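Novice: my questions are about this predicted structure, shown below with the sequence.
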Amino acid sequence: QVRLVQSGGELVQPGGSLRLSCQASGLDLKYHPIGWFRQAPGREREGVACISGSELYIQYEESVRSRFTISRDDSANSVYLEMNSLRPEDTAVYYCVVKEKLSVYCGLEDEYDYWGQGTQVTISS
């Protein structure tokens, strides 16, 4: 059984930084596209960032580009999201995701097969 366990969400002031982590079990993440989605209250879920197998392709949602960095450590079977210059509009529940089909590409509009439990990120003063 595939399980994604997330950590790192908390309350942060605007302009602050936060790092989300997600560790997988039951599936070797190597060569699988992985990413992060988020859902804010009253809004649709949206893809934030994704990274393909072997890190050949990375995509960011426009509003987070240059502020967020996605990375993966296949030896730790984990994916991370480094978030800087955080804004109140970044407040949301964040989910790590994994696509079962191996690919050297990833897409924020793609369907992902496995989801983490979600972690709350709140940006407020």
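Specialist: Received it, and whenever you're ready, just let me know what you need.
Novice: so where's this structure uncertain?
Specialist: Of all residues in the chain, none has pLDDT under 70.
Novice: Ser85 versus Asp113, what's the distance?
Specialist: 31 Å (CB to CB, to the nearest Å). In this view, the C-beta of every residue, glycine as well, is placed from N, C-alpha and C.
Novice: brain fart, Pro33
Specialist: Distance of Pro33 to Ser85, given as CB to CB: 26 Å.
Novice: look at these two and report which has more neighbours.
Specialist: When neighbours are counted by other CB atoms under 10 Å, Pro33 and Ser85 differ, and Pro33 comes out ahead with 25 against 13.
Novice: now do the contacts for the more buried one.
Specialist: Each residue near Pro33 by CB atoms under 8 Å, 6 or more residues apart in numbering is listed here: 50-53, 98-99, 101, 103, 105-107, 110, 112.
Novice: show me which of the residues you listed are buried.
Specialist: Among the contacts of Pro33, those classed as buried by 16 or more other CB atoms under 10 Å are Cys50, Ile51, Ser52, Gly53, Val98, Lys99, Ser103, Cys106, Gly107, Asp110, Tyr112.
Novice: from memory the fourth one sits against Lys101, does it?
Specialist: Spelled out, it's Gly53. No. The criterion here is CB atoms under 8 Å, and Gly53 misses it with Lys101 at 10.0 Å.
Novice: any shared contact partners between these two?
Specialist: His32, Pro33.
Novice: mark which of the buried ones among the contacts of Pro33 are part of helices, please.
Specialist: When the buried ones among the contacts of Pro33 are checked against helices (DSSP state H), there are no matches.
Novice: could you export the residues you listed as CSV, including distance to Arg67?
Specialist: Output for the buried ones among the contacts of Pro33, formatted as CSV (distance: CB to CB, whole Å):
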residue, distance to Arg67
Cys50, 16
Ile51, 16
Ser52, 21
Gly53, 25
Val98, 23
Lys99, 24
Ser103, 26
Cys106, 19
Gly107, 20
Asp110, 22
Tyr112, 22
